[in-house]
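just coords:
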């Protein structure tokens with residue numbers, strides 16, 4: 001476990017080269033790719049998400065760590081693809097129609113992918129119809145709606161309405177986020193959850209996935 005602790009510390013520093021060495025050493029010593037992923041990398045990103053929530057780490061540092069995680073995952077992918085590990089859950093995400101902001105959304109994507117979620121990014125200015133089509137195509141556990149402008153938050157309500165009317169709502173949980181969004185607004189428009197930042201988004205996504213698993 002000491003090697004995993006060192007891996008976590010190195011991930012938090014965003015040191016890609018040292019992280020690659022530690023991952024390869026762990027593999028050479030016989031550690032399964034799944035153990036390296038779950039006990040080293042994903043556990044590290046969970047800690048980073050928590051530190052982001054408490055203000056102990058800031059967005060540039062989190063991005064640095066998430067990018068390091070993404071690069072190191074390339075080493076593990078061949079073994080993980082062989083069936084050792086399945087995704088934590090499937091997510092469809094996008095910034096709602098009329099809003100072109102994507103920095104927050106992209107950080108959420110990196111954090112979700114770093115903790116084992118399969119993410120389908122629809123991009124920016126996504127229409128309600130496109131969200132509905134993506135749900136039909138990908139059968140996600142979770143749909144994430146982002147808005148950074150007060151003038152576009154109403155499209156979150158329109159998107160949720162479209163998902164409801166499509167008959168697909170029963171199969172997915174909807175999480176919203178963005179600077180002008182609050183828990184009160186989430187309750188008002190019928191979202192299942194609200195996340196104030198990327199660290200919280202991962203925690204909420206995991207909680208929603210557990211709810212879904214209990215229902216199935």
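Arrived safely, thanks for sending. Note that the coordinates shown come from a computational prediction; the quantities given were computed from them, not determined experimentally.

C-alpha only now, for contacts and for neighbours.
Noted.

Excluding chain neighbours, give the residue nearest to the residue most central in space within the chain in space.
The chain has residue 112 as the residue nearest its centroid, 1.9 Å off, counting by C-alpha atoms, centre = their mean. Nearest non-adjacent residue to residue 112, counting by C-alpha to C-alpha, 6 or more residues apart in numbering: residue 202, 5.8 Å away.

what do you get for residue 18?
residue 10 (7.0 Å).

Roughly how far does the residue of the chain most remote from its centre sit from residue 146?
Relative to the C-alpha centroid of the chain, counting by C-alpha atoms, centre = their mean, residue 29 is the outermost residue, at 30.3 Å. Residue 29 sits 43 Å away from residue 146 when distances are taken as C-alpha to C-alpha, to the nearest Å.

Please parse this protein into its domains.
As assigned by automatic domain parsing, the chain contains the domains 2-84, 89-215.

mind checking the SS state of the residue nearest to residue 112?
With DSSP: H, G, I helix; E, B strand; the rest coil as the basis, residue 202 sits in helix.

any chance you could map the strands in the chain?
Along the chain, the stretches classed as strands by DSSP state E are 89-95, 117-121, 142-146, 173-177, 193-194.

from memory the residue nearest to residue 112 sits against residue 49, does it?
Yes. Counting by C-alpha atoms under 8 Å, residue 49 is a contact partner of residue 202 at 7.5 Å.

shared neighbours of those two, which are they?
residue 111 (C-alpha atoms under 8 Å, 6 or more residues apart in numbering).

Show me the shaky parts of this protein.
Applying pLDDT under 70 to the chain flags residues 1-2, 81-87, 216.

Tell me where the longest helix sits in it.
helix 59-79 (DSSP state H).

how about the closest residue to residue 150 other than its chain neighbours, phi and psi?
Once flanking residues are discounted, residue 150 sits nearest to residue 180: 5.6 Å by C-alpha to C-alpha, 6+ apart. With angles defined as degrees, to the nearest 10, residue 180 sits at phi -90, psi 0.

now residue 30
When read as degrees, to the nearest 10, the backbone of residue 30 gives phi 100, psi 0.

Just give me the neighbour total for it.
As a burial measure, residue 30 scores 9 neighbours (other C-alpha atoms under 10 Å).

what do you get for residue 117?
20.

Also residue 88?
Close neighbours of residue 88, defined as other C-alpha under 10 Å, add up to 17.

isn't it right up against residue 119?
No. If you go by C-alpha under 8 Å, residue 88 and residue 119 don't touch, sitting 10.4 Å apart.

Compute the distance between the residue lying closest to residue 99 once chain neighbours are set aside and residue 145, please.
Computed as C-alpha to C-alpha, 6+ apart, the closest residue to residue 99 that is not its neighbour in sequence is residue 125, at 5.0 Å. Distance of residue 125 to residue 145, given as C-alpha to C-alpha: 11 Å.

Need the residues touching each of those two.
Joint contacts of residue 125 and residue 145 (C-alpha under 8 Å, 6+ apart) are 94-96.

Nearest to residue 21 among these?
Distance to residue 21, by C-alpha to C-alpha, is smallest for residue 94 among those, at 35.0 Å.

Enumerate the beta-bridge partners assigned to that closest one.
According to DSSP bridges, the partner residues bridging residue 94 are residue 145.

Since that was my last question, I'll sign off now.
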